[in-house]
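> Turn this into a model:
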Amino acid sequence: MGSNHSSGSGSSPWSGWGPNNGQNTGSGGSGSGWGWGPKNTNNSGSGSSGSGWGWGWGSHSKGYNATYNAPRKFIVGGDKEWTYGFNYSDWASKTAPFFLNDILVFKYNPPAPFTHSVYLFSNPLSYEKCDVKKGKMIASPKQGAGNGFELVLTKMKPYYISCGEHDGAHCSNGTMKFTVMPILARW
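Residues are numbered from 1 along each chain as shown. Sure, this is the predicted structure:
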């Protein structure tokens with residue numbers, strides 16, 4: 001049986017594919033030694049047609065079952081929640097992949113030292129520039145209290161998200177922005 005170990009060199013920080021030099025494993029009849037999956041995780045997959053090709057989505061390291069298709073809830077920022085100065089792009093890349101119908105929960109309790117909101121942008125340029133005038137407020141400063149504001153990822157498209165308070169200052173100065181791209185449900 002072939003065994004795949006790939007850290008990969010994919011274009012995203014959490015996926016890649018390459019030969020025998022990472023931790024993604026797969027098995028097949030003859031084993032070409034190639035695998036695909038998230039970097040820095042211990043994943044397993046099964047080969048096809050004896051190729052030894054494997055894939056995985058972190059089912060061993062991220063605590064979710066690849067055959068379970070119920071939506072998952074993520075508190076944006078984890079225990080830091082939705083707060084000024086935290087790197088949400090880093091959080092999103094470490095938490096990925098996101099699937100259709102997963103739920104992002106934004107928790108921010110007013111009055112906090114800083115007021116927060118949630119904006120959704122339709123294009124990457126407005127998002128990169130933190131131009132909140134071209135974004136849409138989807139959660140006001142009061143909607144993050146209690147159980148928080150929930151955003152369901154209902155479409156397979158990029159979601160460009162930021163805090164829009166102080167005319168986008170939290171977005172541009174505090175790294176309160178991130179992008180997620182939900183993919184089809186787990187197999």
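> looking at this, residue 93 is in a strand?
No: counting by DSSP: H, G, I helix; E, B strand; the rest coil, residue 93 is located in no strand; its state is helix.
> my guess is residue 175 meets residue 87, correct?
Yes: in this structure residue 175 lies within contact range of residue 87 using CB atoms under 8 Å: 4.8 Å. C-beta: built from backbone N, CA, C; applies to glycine.
> any residues in contact with both of the two?
Taking CB atoms under 8 Å, 6 or more residues apart in numbering as the contact criterion, residue 175 and residue 87 have no common neighbours.
> ok, residue 145 - contacts?
When contacts are taken as CB under 8 Å, 6+ apart, residue 145 is in contact with 108-110.
> Are there helices or strands packed against the strand or helix carrying residue 173, and which ones?
Here residue 173 sits within helix 165-174, counting by DSSP states H and E. Under the contact criterion of 3 or more CB pairs under 8 Å, 6 or more residues apart in numbering; DSSP states H and E, the helices and strands touching helix 165-174 comprise strand 159-162.
> Could you rerun that using 10 Å?
strand 118-121, helix 124-129, strand 135-139, strand 159-162, strand 177-180 (3 or more CB pairs under 10 Å, 6 or more residues apart in numbering; DSSP states H and E).
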